[in-house]
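**Student:** structure of the sequence below:
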Amino acid sequence: MTKLKISFTQTPPATSGLTATVIGVQVQTKAPKIAKSHLDSKLTASLNLVSLGVSSEVGSLKKLSGPGSSVIALLGLGESIKLDSIRDAMGSAARELGNFEHVVIDLPLTSKEQVLAAIEGFHLGNYDYLAYKPKATKRALSKLTIITSYKPAPSQLSELEVLTAAVHRTRDMVNAPANDLYPEVMVQAAKKLAKGVSVKVKVWEEKDLIADGLGGIHAVGKGSNRPPRLVKLEYKPARAKTSVAFVGKGITFDTGGLSLKPAESMVGMKYDMTGAASCLQALIAIAELKLPIKATAWLCLAENMPSGGATRPNDVIKIRNGKTVEVLNTDAEGRLVLADGLSMASEESPDYIVDVATLTGAATIALGNRYAGLMGDDKAIKKVQSAAATAGELVWHMPLPDELRPLLNSDIADIANVKIGNRAGGMLIGGLFLKEFVGTEGKSAPAWAHLDIAGPANNDSAAYGHTPKGATGVTVRTLVQLARDLAG
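**Tutor:** Coordinates of the predicted model:
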């Protein structure tokens with residue numbers, strides 16, 4: 001994210017050839033019309049928007065020549081201006097106008113909340129991943145001016161920078177190739193991020209995983225020459241009255257193990273650590289924002305590789321909470337590492353546990369590429385739904401039907417990790433498996449929610465709104481908003 005100097009004014013600033021002024025386009029009597037702005041009314045009247053191909057669709061953008069060699073960018077705002085549409089539209093503007101040094105926003109924003117949403121969307125869209133393109137042209141964008149009488153407080157702007165920077169760091173981490181990002185690298189990244197904020201870090205290396213009975217993480221990662229890890233990050237302010245634990249699936253590359261994926265299905269499996277990256281960055285943002293809540297993040301890190309030492313189908317492993325699992329498919333590995341993470345989180349009896357994972361392809365089949373599947377108990381579901389709505393992220397509540405649980409019965413262990421040959425309800429079965437590892441015997445179980453982000457974690461189509469092509473950074477803002485809501 002390029003650093004932006006943000007300023008506010010009630011009169012249009014001087015423009016140059018390096019300036020783009022963003023004007024809104026809305027719908028009026030089924031035709032596009034320029035929204036209220038400071039643009040010269042004579043120029044407005046001379047524009048035939050239909051013949052110019054200008055659309056009012058949210059995020060559509062058409063560039064025209066403006067005064068003094070500047071550019072006017074006509075930005076679609078949709079039928080009605082809502083916070084989500086403002087974020088998306090401004091994200092599109094940021095993506096498309098990165099070659100200009102100065103962007104001026106001249107939109108009909110009617111509240112401070114709308115101005116903040118515009119800045120948030122612009123920050124989110126102001127992103128490129130160029131780590132492996134050293135000769136690529138970097139963004140020239142350095143200044144954002146908003147014409148408005150609704151000026152946010154400096155603290156509100158700082159909070160937005162913290163939040164959107166966490167999303168960008170997540171994207172950077174997830175976009176990184178697996179040869180450069182593996183469990184130990186994520187450990188070092190977590191330690192580096194924790195410096196300077198009040199976050200404690202504890203790491204379980206391979207010998208520690210064995211000693212502490214973390215059989216799921218060890219079983220998944222033992223086939224790789226890059227050993228698995230469990231990382232705990234803890235933020236514990238003195239005034240905290242509520243606690244939340246995030247548990248993230250961190251498979252830095254997933255071949256499927258001995259249940260090997262087809263070659264084409266392996267492409268993109270560097271994204272299988274998105275859950276852990278999201279939990280890590282959300283926890284750091286919570287600490288940077290100094291929210292009054294105890295928050296922990298459990299990063300369940302492994303590389304799922306086939307080798308002579310890899311876990312085999314029909315092997316039985318023991319999870320931290322003592323339950324045994326018959327591994328029928330080594331490509332259903334995410335639930336095995338999360339089982340240990342959920343068990344460890346449960347031992348500390350937080351008020352809420354939320355796990356985040358690119359868990360099942362079935363989630364994408366059921367919900368497409370933009371919605372995350374949300375499962376769990378009613379108390380946690382309602383909180384996550386509310387946080388996601390505030391953040392403008394898409395989740396859909398899915399059931400955990402009791403009648404599907406017998407499909408995971410094993411003849412020789414407490415539970416199997418899959419039902420071989422069954423393709424029905426795969427996302428739900430994954431959630432039912434995880435449910436078995438929430439809570440500790442003799443204690444009341446924490447409120448628990450499971451987010452299956454297999455669809456929205458990676459956008460392999462064209463960029464849209466404030467969502468780039470590639471890693472999206474989904475759920476980071478929802479997790480931070482959840483912590484804010486729980487902290488009151």
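
**Student:** what segments of the stretch 301-450 of the chain are strands?
**Tutor:** Secondary structure of the stretch 301-450 of the chain (DSSP state E, counting those that start in this stretch): strands at 315-318, 324-327, 352-357, 372-376, 395-397, 415-416, 447-452.

**Student:** for Gly488, which of those strands is the nearest?
**Tutor:** Across those, Gly488 has its closest neighbour in strand 352-357 (13.5 Å, CB to CB). C-beta: built from backbone N, CA, C; applies to glycine.

**Student:** what residues sit buried inside that closest one?
**Tutor:** 352-357 (16 or more other CB atoms under 10 Å).

**Student:** give me the contacts around it.
**Tutor:** Contacts with strand 352-357, where a contact means CB atoms under 8 Å, 6 or more residues apart in numbering, come from 242-249, 274-275, 278-279, 334-335, 338, 341-342, 345-346, 380, 383-384, 434, 438, 446-454, 475, 479, 482, 486.

**Student:** could you redo the last one with a cut-off of 6 Å?
**Tutor:** 244-249, 275, 278-279, 334, 338, 345, 380, 446-451, 475 (CB atoms under 6 Å, 6 or more residues apart in numbering).

**Student:** render the CA-only coordinates of the helix or strand bottoming out on mean pLDDT in the chain in PDB, please.
**Tutor:** Least confident helix or strand, the chain: helix 41-46 with a mean of 77, by mean pLDDT, DSSP states H and E. Output of helix 41-46 as PDB, limited to C-alpha atoms (Å, rounded to 0.1, in the frame of the first residue of the first chain):
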ATOM      1  CA  SER A  41     -22.300  22.800 -15.400                       C
ATOM      2  CA  LYS A  42     -21.600  23.700 -19.000                       C
ATOM      3  CA  LEU A  43     -19.300  20.800 -19.300                       C
ATOM      4  CA  THR A  44     -21.800  18.500 -17.700                       C
ATOM      5  CA  ALA A  45     -24.500  19.500 -20.100                       C
ATOM      6  CA  SER A  46     -22.300  18.900 -23.100                       C
END
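
**Student:** next secondary structure element downstream of that helix?
**Tutor:** strand 61-65 (DSSP states H and E).

**Student:** so for that following strand, mean pLDDT?
**Tutor:** Mean pLDDT, taken over the full extent of strand 61-65, equals 93.

**Student:** stretch 209-220 now?
**Tutor:** Rounded mean pLDDT across stretch 209-220 is 98.

**Student:** got a list of contacts for it?
**Tutor:** Residues outside stretch 209-220 that contact it (CB under 6 Å, 6+ apart) are 228, 230, 300, 302, 304, 311, 317-320, 333, 336-337, 339-340.

**Student:** likewise stretch 120-127?
**Tutor:** Contacts of stretch 120-127 (CB under 6 Å, 6+ apart): 1, 87, 90-91, 94-95, 160, 164, 168, 466, 468.

**Student:** between those residues, which sits nearest Asn329?
**Tutor:** So of these, ranked by how close each gets to Asn329 (CB to CB), first place is Pro468, at 32.5 Å.

**Student:** that closest one: neighbour count?
**Tutor:** By the criterion of other CB atoms under 10 Å, Pro468 has 22 neighbours.

**Student:** can you list the strands that the helix or strand Ala297 falls within pairs with?
**Tutor:** If you go by DSSP H and E, Ala297 is part of strand 294-304. Strand pairing for strand 294-304, using DSSP bridges, gives strand 229-235 (antiparallel), strand 243-254 (parallel).

**Student:** avg pLDDT for it?
**Tutor:** Mean predicted lDDT for strand 294-304 stands at 99.

**Student:** list the buried residues in that strand.
**Tutor:** For strand 294-304, burial by neighbour count (16+ other CB under 10 Å) applies to 294-304.

**Student:** likewise stretch 129-137?
**Tutor:** Tyr129.

**Student:** which stretches of this structure aren't confidently modelled?
**Tutor:** For the chain, residues meeting the criterion pLDDT under 70 lie at 1, 29.

**Student:** walk me through the domains of it.
**Tutor:** Here the domain assignment for the chain is 5-152, 161-487, based on automatic domain parsing.

**Student:** now the first one, how far from the centre of its chain.
**Tutor:** The gap between where domain 5-152 is centred and where its chain is centred comes out at 25 Å by CA atoms, centre = their mean, to the nearest Å.

**Student:** could you pull out the helices for the stretch 1-150 of the chain?
**Tutor:** 41-46, 83-96, 112-125 (DSSP state H, counting those that start in this stretch).

**Student:** can you list contacts of the shortest one?
**Tutor:** Identification of contacts with helix 41-46 by CB under 6 Å, 6+ apart yields Ile34.

**Student:** quick one: which of the strands of the stretch 301-450 of the chain is nearest Leu18?
**Tutor:** Closest to Leu18 of the strands of the stretch 301-450 of the chain, according to CB to CB: strand 372-376, at 39.2 Å.

**Student:** mind jotting down where the helices sit in the stretch 151-300 of the chain?
**Tutor:** In the stretch 151-300 of the chain, the helices defined using DSSP H, counting those that start in this stretch lie at 154-175, 183-194, 206-211, 215-221, 263-266, 274-288.

**Student:** can you lay out the contacts of stretch 120-127 as TSV showing distance to Val174?
**Tutor:** Below are the contacts of stretch 120-127 laid out as TSV (distance: CB to CB, whole Å):
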residue	distance to Val174
Met1	15
Arg87	21
Met90	23
Gly91	18
Ala94	20
Arg95	18
Leu160	21
Thr164	16
His168	11
His466	16
Pro468	11
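
**Student:** ok so, going back, CSV for the strands of the stretch 301-450 of the chain, including distance to Lys62?
**Tutor:** Listed next are the strands of the stretch 301-450 of the chain as CSV, based on distance: least, CB to CB, whole Å:
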stretch, distance to Lys62
strand 315-318, 57
strand 324-327, 54
strand 352-357, 38
strand 372-376, 32
strand 395-397, 33
strand 415-416, 55
strand 447-452, 37
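
**Student:** so which of those strands comes closest to Thr148?
**Tutor:** Distance to Thr148, taken as CB to CB, is lowest for strand 395-397 among the strands of the stretch 301-450 of the chain, at 31.1 Å.
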